[in-house]
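Engineer: sequence below, structure please.
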Amino acid sequence: MSYEALRKAQLEERSDPGNLKRLPPDYFDTYSAYLKRMRECLSGEYSLEDARAFENSALVFNGLFESRKKKIVLKALKEAANGSLDGEGLTTQEREFYGRLVEIFKEYDGERAVNSCRAAKAAQGSESIRILMDLPQFVGSDNASYGPYVKGQEVELPEKVAAFLYKRNAAEKR
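Structural biologist: Okay, here's the model as predicted:
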C-alpha cells in the first residue's frame, strides 16, 4: 500500500475508459484502512509533508472510486440489456453495487417493455407470429421496445412490427 501503487491503479483505469481493470476483492477496504492510518498519524504528529501525502492519496483514491463507479453503472446497464452478466474483476463492494444495479435495470426494462407493448397493442391491431431466428431487443416504428426473441418463439406483435419482421424473413404468421 502506497501512494505510488494507488496512482498506478488510477492511471491504468484511466488508460482504458471502456473497461474496468482487475482489482483484488478487498482493494477498497485495504486502501480505506491505509488512509485511516495516515489520518491518525496526522492527528498525533502533524507535518506538512504527511498532510500533503494524505491529501494526495485521498484525492487519487476518490478519483479512482468515482471513475470505477461510472464504469460499473455503464457495465450493468449494458449487460442487463443483453443478458450476459460478468462481475469479473470487481471488488467485493463493487460486485454488490453491480448486482443491485443489474436488478434495477432489468426491472425497469421489464416494466418499460410491458408498458410499451400494451400501448402499442392498444394503438393498433396485433398479429400472432412465429419468430424464425434469434433476435436481439429492438425498437419498433412505434418507439416501443420488443424482444429479445428466440427462434421458434410465438408472440403477438402490432401489425406494423410483424410486417417489418416478415420483410426481413425473421418471422412468419402462426
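
Engineer: please name the nearest non-neighbouring residue to the most centrally placed residue in the chain.
Structural biologist: By CA atoms, centre = their mean, the mean C-alpha position of the chain lies nearest to residue 76, the distance being 1.7 Å. Nearest residue to residue 76, sequence neighbours excluded (CB to CB, 6 or more residues apart in numbering): residue 101, at 3.7 Å. Using the backbone N, CA and C atoms, a C-beta is placed for each residue, glycine as well.

Engineer: low-confidence bits of the protein, can you list those?
Structural biologist: For the chain, the stretches flagged by pLDDT under 70 are 111-124.

Engineer: dump the residue contacts of the residue in it sticking out farthest from the centre.
Structural biologist: Centroid-distance maximum for the chain: residue 45 at 43.7 Å, with CA atoms, centre = their mean. Counting by CB atoms under 8 Å, 6 or more residues apart in numbering, residue 45 touches no other residue.

Engineer: all strands for this structure, in order.
Structural biologist: 126-131, 138-139, 145-146, 154-158, 171-173 (DSSP state E).

Engineer: note down every partner strand of the first one and its orientation.
Structural biologist: Read it as strand 126-131. Using DSSP bridges, the strands paired with strand 126-131 are strand 154-158 (antiparallel), strand 171-173 (antiparallel).

Engineer: looking at those, which is buried most?
Structural biologist: Of all these, strand 154-158 has the most neighbours on average by mean count of other CB atoms under 10 Å, namely a mean of 18.
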